[in-house]
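Asks: Model the structure of this input:
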Amino acid sequence: MGHIWAIYMRDLRGIFRNLAASVIIIGLACLPSLYAWFNIKASWDPYGQTHSIAIAVVNKDEGAVLRDTPIHAGDEIVASLKENKQIGWVFVEERKAMEGVMHGDYYASITIPSDFSAKMATVLSDNLQQAELDFAVNEKINAVSPKIAEKGASGIVEQVRASFVKTANETIFRIFAQIGIELEENKPAIEHVRSAVFQLESLIPAINEAIATAATDIEKSKKIASTVQAELPKAARLAEEGEAFTVQLGQFFDQSGLALDQAGPLIKQDLQLLLQSARSMEELTNILQDSSIDPEDVRAPLELAGRRLTSAVTVTDGLIRLLERVNKLAEGKLLASAIVELQGVHSRFQQQLSLVQQISSAIERGEKPAQSLVDSLSALSKKAAATLSDLLGRYDSELLPAVKQAGQRAKQAAARAGAVLGDANKAMPSVVTIVNDAVKGIELGSRELGKIQANLPAAEQKLRDVAARIRSLEKEGNLDELIDLLKNDAEREGAFFAEPVVLKENRLFPIPNYGSAMSPFFTTLSLWVGALLLVSLLTVEVHHGEHEYRSYQIYLGRYLTFLSIAIVQSLLVTLGDIWLLKAYVANPVWFVLFGILLSSIFMLIVYTLVSIFGNVGKAMAIVLLVLQLAGSGGTFPIQVTPPFFQAIHPFLPFTYAISMMREAVGGILWDIVLRDLLVLAAFAGVALLLGLALKKWINRYSTKMVEKAKESGLIH
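Replies: This next block holds a predicted model:
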């Protein structure tokens, strides 16, 4: 031990007594710090400067019309981007945009085609077309900028999608409401035609009786025929009105069937959004049950919860009324249980709203909400969520088939109504002809009476068929129920479906900026570079009295010198990160101590390689550095690297060194630190074992080879 200490003390005296050596040592101690500081500062906040990245925007959209509503999606996108300062949007012509991208003036360009709005407007047609944005990027300029540009482009797509969903939903519900209004306006004409058909049906016995009487009493038949003939013009006018109305009725029922078909997915979306509201209340109760939470932190969640519950109560009420009307079309059997469950959910939402208001009032008064209120809110939210989850689970197998069955019956009823009214219109001329023939028959005598009797049964059968079809249609649905089903608040329904889902972010180990997050990697890297610099400029051998010492004494004695300088390097790097760069470090003391430990281990590994293998060892340390840059997961997640680097990842010192420094920066989990310490201790143990066991043996056989290599004049 005395020889080891003697070597170390001689090295220290040599450093302090030799000015040139002192200057070199000071430079070697400072260089790793500069390497780390410059790299950390350069990457301090790159994603906060994206407003300087120029992206050209070209708007060629010509607009479109969706159900009498003008759509100018391109203008809306441009207006929104002008308010977006996250990226440097530049609005130019198409030719200038393409030239700018090709020559590097812009990193990318986004072109809104002329038919952008027109393709979006095809949502309510049979020929659906997907709208496109033309995105061009110059990947030669920079490796990262295309990814940032793509993020900006995807943000535009998301914004357009959200806006379009709201507009499309409002349009669909507005169509439903318009159909209901038109049907309500034509309700008297529909009932008038129905009454006329039934009136004619009721006259059939009188007509038969008149003809029978005419066979025996011509004079009496004339009077009856005159009565019938007086009523026929009224019936003819009613038939003409019915013919005009059948066209409107057919169009209405076609649209009604489409409305019921489209209502199925919308009901499911309503249930999903209600389930989100119920689950968000569960999250709110978890926050309220935390006794340590600041009341100020729950004001905003409580206000949001109140708005969501108010919307949920309104939507639940509308959904119940919708299902009740659909249930009547399905004979009141298929949706009864679901309606009862939704009524329970509606009641729970109302109770939750009252509880949230009471809790908010308590917080406004500076009081802590009663635990009973929080417990009641938690129980109600869980019951509501359970019920809605059950309904969604049964939706595709029970609820959706019932809705589709109601839609199918509405279509069938529409078809039968059209056929009934068409037959009535076709049959009316025949009835008129028959009655006129009857009058002529009476006048012409008994000879013509036989012809009338022969034609009358056919007219009677047609009229009875029309009346029977109308009665069958009335059994399957009520006209008032169908009108109520279609008349909805379009704006409210559209706004509800367009409401975005709130993402609740929980940052377990928050680090305020990118530079601080990268400090573990650059600090670790600089410590390895510092070790390389030391072995490159300082000798690992003892040139004064080397024959007096054994191999292991030289190895350990000179290592103490390298270790002392490495510790100074570590202190400069870690303390400079904290005090000079103001990098965020959750545990500064451990950050410094971990840096000293890593510097000691890295120095031992690199020193051992050079002490054993000489210049070859330096090359080995450099190769190991290159492998660790890509295989340690310091910059990109190791999972996205090629299989080779994923395979060597567990066997590299950087893997555990960076992990340990990250714990100090973000917040320490001691089980992770203990694992890293054990693995790094194993690396240090292997280095010591190799240095103590192999140095003497390998140096003995490598001396001649080194001397021979020096004769070339190229190797020192």
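
Asks: hey, let's count contacts and neighbours off CA atoms from now on
Replies: OK.

Asks: name the element Val356 belongs to?
Replies: Secondary structure from DSSP states H and E places Val356 in helix 336-364.

Asks: which residues are in contact with the helix or strand that comes right after that helix?
Replies: Heading C-terminal from helix 336-364, the first helix or strand you meet, by DSSP H and E, is helix 371-394. By Cα atoms under 8 Å, 6 or more residues apart in numbering, the surrounding residues in contact with helix 371-394 are 268, 271-272, 274-275, 278-279, 281-282, 285, 288-289, 338, 341, 345, 348-349, 351-352, 355-356, 359.

Asks: What residues sit buried inside the helix holding Val356?
Replies: For helix 336-364, the neighbour count (16 or more other Cα atoms under 10 Å) marks 338-339, 341-343, 345-357, 359-360, 363 as buried.

Asks: ok, now stretch 529-545?
Replies: Neighbour-count burial for stretch 529-545 [16+ other Cα under 10 Å]: 529-535, 540-541.

Asks: and it, average pLDDT?
Replies: What stretch 529-545 shows for mean pLDDT is 78.

Asks: what's the answer for stretch 286-302, then?
Replies: Mean predicted lDDT for stretch 286-302 stands at 71.

Asks: same deal with stretch 593-613?
Replies: For stretch 593-613, the mean pLDDT works out to 92.

Asks: again, but for stretch 326-335
Replies: 65.

Asks: and it, how far apart are its ends?
Replies: 8 Å (Cα to Cα, to the nearest Å).

Asks: who's in contact with stretch 613-621?
Replies: Applying Cα under 8 Å, 6+ apart, the set of residues contacting stretch 613-621 from outside is 532, 535-536, 606, 609-611, 698-699, 702.

Asks: list the buried ones in that stretch?
Replies: Buried residues in stretch 613-621, counted by 16+ other Cα under 10 Å: 613-615, 617-618, 620-621.

Asks: Of those, which is the nearest to Gly515?
Replies: Ala621 (26.8 Å; Cα to Cα).

Asks: can I assume the closest one sits in a strand?
Replies: No - according to DSSP: H, G, I helix; E, B strand; the rest coil, Ala621 belongs to no strand; its state is helix.

Asks: per-residue confidence for it?
Replies: The model's pLDDT for Ala621 equals 90.

Asks: Val193 now?
Replies: 59.

Asks: now do Ala239
Replies: Value for Ala239, per-residue pLDDT: 53.

Asks: Over to Asp270?
Replies: 72.

Asks: That one and Glu398, how far apart?
Replies: For Asp270, the distance to Glu398 (Cα to Cα) stands at 16 Å.

Asks: Contacts only, for Pro520.
Replies: 658-659, 661-662, 665.

Asks: Neighbour count and distance to Val326 added to the residues you listed, as CSV?
Replies: Shown next, in CSV, are the contacts of Pro520 (neighbours: other Cα atoms under 10 Å; distance: Cα to Cα, whole Å):
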residue, neighbour count, distance to Val326
Ile658, 23, 63
Ser659, 21, 60
Met661, 27, 63
Arg662, 22, 59
Val665, 25, 60
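
Asks: Looks like Gln357 contacts Ala305 (just checking).
Replies: No - Gln357 lies out of contact with Ala305 (Cα atoms under 8 Å); the separation is 9.6 Å.

Asks: Low-confidence bits of the stretch 601-716 of the chain, can you list those?
Replies: 696, 699-716 (pLDDT under 70).

Asks: again, only using 90
Replies: Across the stretch 601-716 of the chain, the ranges flagged by pLDDT under 90 are 609-620, 626, 629-642, 645-646, 666, 688-716.

Asks: gap between the spatially closest residue to Pro653 that is not a sequence neighbour and Leu28?
Replies: Distances taken as Cα to Cα, 6 or more residues apart in numbering put Leu680 closest to Pro653, at 6.5 Å, once the chain neighbours are dropped. To Leu28, Leu680 is 24 Å away according to Cα to Cα.

Asks: quick check, the residue nearest to Pro653 in a strand?
Replies: No - assessed by three-state DSSP, Leu680 does not belong to a strand; its assignment is helix.

Asks: From Phe594, how far off is it?
Replies: From Leu680 across to Phe594, the span is 11 Å (Cα to Cα).

Asks: do Leu677 as well
Replies: Going from Leu677 to Phe594 by Cα to Cα gives 10 Å.

Asks: Contacts only, for the residue nearest to Pro653.
Replies: 601, 653, 656-657.

Asks: Most neighbours out of these, which is it?
Replies: Ala657 (29 neighbours; other Cα atoms under 10 Å).

Asks: Wait, that one touches Leu597, no?
Replies: No - the pair Ala657 and Leu597 does not pass the contact test of Cα under 8 Å, sitting 9.4 Å apart.

Asks: Report the buried residues of stretch 320-329.
Replies: Result for stretch 320-329 [16+ other Cα under 10 Å]: buried residues 320, 322-329.

Asks: quick check, nearest of these to Val137?
Replies: Closest to Val137, out of all of these and judged by Cα to Cα, is Leu322, at 49.1 Å.

Asks: What are the boundaries of the strands in the chain?
Replies: Under the criterion DSSP state E, the chain contains strands at 54-59, 64-66, 69-71, 88-91, 108-112, 134-137.

Asks: any idea which of those is most buried?
Replies: Mean neighbour count (mean count of other Cα atoms under 10 Å) peaks for strand 108-112 among the strands of the chain, with a mean of 25.

Asks: and the angle from that one to strand 54-59?
Replies: 10 degrees (axes from the mean of the first three to the mean of the last three Cα atoms, to 10 degrees).

Asks: what's in contact with strand 108-112?
Replies: Residues outside strand 108-112 that contact it (Cα under 8 Å, 6+ apart) are 54-61, 74, 94, 97-98, 101, 132-138, 146, 149, 153.

Asks: What of stretch 94-105?
Replies: 54, 56-58, 106-109, 111, 136-138, 141.

Asks: next one: stretch 661-671
Replies: 509-511, 516-517, 520, 524, 584-588, 590-591, 594-595, 672-673.

Asks: pretty sure Ser570 is touching Val529, no?
Replies: No - using Cα under 8 Å, Ser570 is not in contact with Val529; the gap is 11.3 Å.

Asks: How about the contacts made by the nearest residue to Ile622 once chain neighbours are set aside?
Replies: Excluding its sequence neighbours, the residue lying closest to Ile622 (Cα to Cα, 6+ apart) is Leu532, at 7.7 Å. Shown in contact with Leu532 (Cα under 8 Å, 6+ apart): 606, 618, 621-622.

Asks: Quick check: closest non-adjacent residue to Leu284.
Replies: Pro301 (7.1 Å).

Asks: got the residue ranges for the helices in the stretch 601-716 of the chain?
Replies: Here the stretch 601-716 of the chain has its helices, by DSSP state H, counting those that start in this stretch, at 615-631, 643-648, 653-666, 670-710.

Asks: tell me, how many neighbours does Ser226 end up with?
Replies: 14.

Asks: Just the pLDDT for it.
Replies: In this model, Ser226 carries a pLDDT of 70.

Asks: could you measure it against Ser33, distance?
Replies: Counting by Cα to Cα - Ser226 and Ser33 are separated by 118 Å.
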